[in-house]
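J.: Sequence unavailable; structure follows:
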């Protein structure tokens, strides 16, 4: 039976610019979701609603991919510190596969 490593206990060190970008994207998605709620309240056409759901979903996926990409960059550029925090490339790979 394969063994699994324990979950990381430390935090991933990401550039402040990445964190800021992710916050901006998430606020935009939050606005999209509020817009979706309004569309439902207004009983807008289902095709329009589904188009907006797809756009919000795609935007949320992009947030995840940017986060995983930054984590991979961190693990590869500073393997000692990432290992101390409990992360390695296989952890980042697992995160990527959750999004795929």
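T.: Nice, I can see it. Keep in mind it's a predicted model, so treat the numbers as computed, not measured. Residues are numbered from 1 along each chain as shown.
J.: Run through the helices of this protein in chain order.
T.: Using DSSP state H, the helices found in the chain span residues 16-41, 46-77, 79-84, 89-99.
J.: ok, for the residue positioned nearest the centre of the chain, nearest residue in space, not its chain neighbours?
T.: The structure's the chain has its C-alpha centroid closest to residue 64; by C-alpha atoms, centre = their mean the separation is 1.9 Å. Closest residue to residue 64 apart from its sequence neighbours, by C-beta to C-beta, 6 or more residues apart in numbering: residue 99 at 4.4 Å. Using the backbone N, CA and C atoms, a C-beta is placed for each residue, glycine as well.
J.: Report the contact partners of that neighbour.
T.: Shown in contact with residue 99 (C-beta atoms under 8 Å, 6 or more residues apart in numbering): 61, 64, 65, 68.
J.: Could you write me a ChimeraX select line covering just the buried ones among the residues you listed?
T.: Command for ChimeraX, covering only those of the contacts of residue 99 found buried under the criterion 16 or more other C-beta atoms under 10 Å:
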select :68
